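Chemist: Sequence first, then the predicted structure:
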Amino acid sequence: MSETSVLFVCLGNICRSPLAEGVFLHLLAERGLSERYRVDSAGTSAYHAGEQADERSIAVGRKHGVAVPSISRKLVPEDYERFDWIVAMDGQNLTNMKRDCPPAHTGKLVKMRDYDPQGKGDVPDPYYGGPRGFDDVYEMVYRCCERFLDELEGRA
Ligand code: 4NP
């Protein structure tokens, strides 16, 4: 069976998209689907390139048994070709990608909270907030990733 590839994208690639990547990998493992997917994350900026995820993202993941192994990297033009799905955490990330993405690939661009059963909008940037922000982001990203994977697997 062919592989499906998914790239999660935020601004810094240290808070939200690494958490989404970790949660999605966790769900794949739980469902026995790890071999069928390739998963990565990236940032529209290079502000934190080469860094581990923010310790608050790692901590909230650990609290839920979810590993957050990402090393930050900037989104590159080749990503638009190399991934089947590119999932933006907020509207600004999506706007930036729509600006740069070759027209042939814009259909791959989606927003994380389009898959949120509890409401649409942005995954808010928790970088400058307190740890409660990371708990909220975790819950939001978790329910979105569940629904997104359900849809990819034709169960939604
Ligand atoms: P992220 O959060 O986009 O969820 O990784 C941010 C991390 C760092 C910065 C902004 C957002 N920053 O400006 O350095």
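Modeler: Great, that's in hand.
Chemist: Regarding Gly133, what is its secondary structure?
Modeler: helix (DSSP: H, G, I helix; E, B strand; the rest coil).
Chemist: List the residues that contact it.
Modeler: Pro124, Pro126 (Cβ atoms under 8 Å, 6 or more residues apart in numbering). For every residue, glycine as well, the C-beta is placed using N, CA and C.
Chemist: Could you check the pLDDT of it?
Modeler: At Gly133, the pLDDT value in this model is 93.
Chemist: Can you give me the distance of the closest residue to Ala53 other than its chain neighbours to Leu75?
Modeler: Nearest residue to Ala53, sequence neighbours excluded (Cβ to Cβ, 6 or more residues apart in numbering): Pro18, at 3.9 Å. Per Cβ to Cβ, to the nearest Å, Pro18 is found 14 Å from Leu75.
Chemist: Number of residues surrounding the residue nearest to Ala53?
Modeler: 27 (other Cβ atoms under 10 Å).
Chemist: Please apply the same query to Cys15.
Modeler: Count around Cys15 with other Cβ under 10 Å applied: 28.
Chemist: now swap in Pro103 and tell me
Modeler: Pro103 has 7 nearby residues by other Cβ under 10 Å.
Chemist: The ligand contacts on this protein?
Modeler: Cys10, Leu11, Gly12, Asn13, Ile14, Cys15, Arg16, Tyr47, His48, Asp125, Tyr127 (Cβ under 6 Å from any ligand atom).
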